[in-house]
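Student: could you look at this predicted model? Sequence included:
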Amino acid sequence: MPGPSQEQIEHYVRVLARLGDLPPDPGATENLSWTVVRGPGMTVHEAVRRLNGDPATLTAHRPAADDYDPDDAFFLEQRGDAVVIVSYGTATAELDALQRLSRGATLHSVFWLINNFSRLYHLADGKLITELDPLDPQNPLGTAPHALTDHLDALRTLRAHPGPGPDWETAMATLESLTGERLDADWFTHPQTFAEANRR
């Protein structure tokens, strides 16, 4: 698979354009973390425990809101044997958190920050398989740094044409192509499972 299709990239162009008009501020156009973890026994409750949250305190909340602290908050959805996790902070983007999440499972994650620091990760069973910068995918790291190479055509094409382009949109489309999971703008405007990480 060469990576995302043009349709997938255009889908996320529309998603981020809409999210840019929704709370919180700053929101997805400046900070976002999206993770898909898949494995036997992986549930929302298990994912929350691995992120040092308390499953007993789970509630439902719309991600597109401004009445919570985005630094530690994250949103989850069970999709078959996979859990989708989205946040506007770094609680679900830090490598040690992703390593805990990926024990006995496979994980793909993309995130970016307002300063353009960004990463695309692939982990399995607690080990970092591949890590790369979506803005510069030519120098991957990890135990198998080239494991995602066949999926990076769109990111490489973007890198070869300097200047403004659908960078985060292409990164999200790449994650979709790797996992088969899609995020829509409506996902952010409907209640999702809400949790907070305890990083103290």
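Tutor: Now that the structure is in, tell me what you want to look at. Numbers count the residues shown, from 1 in each chain.

Student: rest of the way, CA atoms for contacts and neighbours
Tutor: Will do.

Student: show me where this structure has its strands.
Tutor: With DSSP state E as the definition, the chain shows strands at residue ranges 32-38, 59-61, 73-79, 82-87, 106-112, 118-124, 127-133, 136-141, 192-196.

Student: mind listing what the residue nearest to residue 40 when sequence neighbours are not counted touches?
Tutor: Spatial nearest neighbour of residue 40, chain neighbours left out: residue 81 (6.4 Å); criterion: C-alpha to C-alpha, 6 or more residues apart in numbering. By C-alpha atoms under 8 Å, 6 or more residues apart in numbering, the contact set of residue 81 is 38-43.

Student: what's residue 40 in contact with, if anything?
Tutor: Contact analysis of residue 40 by C-alpha under 8 Å, 6+ apart lists 81, 104-105.

Student: swap that for residue 147, sorry
Tutor: Contact partners of residue 147, counting by C-alpha under 8 Å, 6+ apart, are 129-130.

Student: one more time with 10 Å, if that's ok
Tutor: The contact partners of residue 147, by C-alpha atoms under 10 Å, 6 or more residues apart in numbering, come to 122, 129-131, 140-141.

Student: how about residue 159?
Tutor: Counting by C-alpha under 10 Å, 6+ apart, residue 159 has contacts 134-138, 153, 165, 167.

Student: pick the one among those residues closest to residue 64.
Tutor: residue 167 (21.7 Å; C-alpha to C-alpha).

Student: residues contacting the closest one?
Tutor: 9, 13, 134-135, 154-155, 158-159, 173.

Student: using CSV, lay out those residues together with distance to residue 187 and pLDDT.
Tutor: Converted to CSV, these look like this (distance: C-alpha to C-alpha, whole Å; pLDDT from 0 to 100):
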residue, distance to residue 187, pLDDT
9, 17, 97
13, 15, 97
134, 24, 96
135, 26, 93
154, 25, 95
155, 25, 96
158, 27, 91
159, 29, 90
173, 16, 98
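
Student: those residues in helices, which ones?
Tutor: Secondary structure from DSSP state H places 9, 13, 154-155, 158-159, 173 of the contacts of residue 167 in helices.

Student: just among those residues, which is most surrounded?
Tutor: Highest neighbour count within the ones in helices among the contacts of residue 167: residue 173, with 29 neighbours (other C-alpha atoms under 10 Å).

Student: go ahead and confirm that one touches residue 153.
Tutor: No. Counting by C-alpha atoms under 10 Å, residue 153 is not a contact partner of residue 173; they are 11.5 Å apart.

Student: common neighbours of those two, please.
Tutor: 3-5.

Student: kindly indicate which of these lies nearest residue 191.
Tutor: residue 4 (27.9 Å).

Student: many thanks, I have nothing further to ask.
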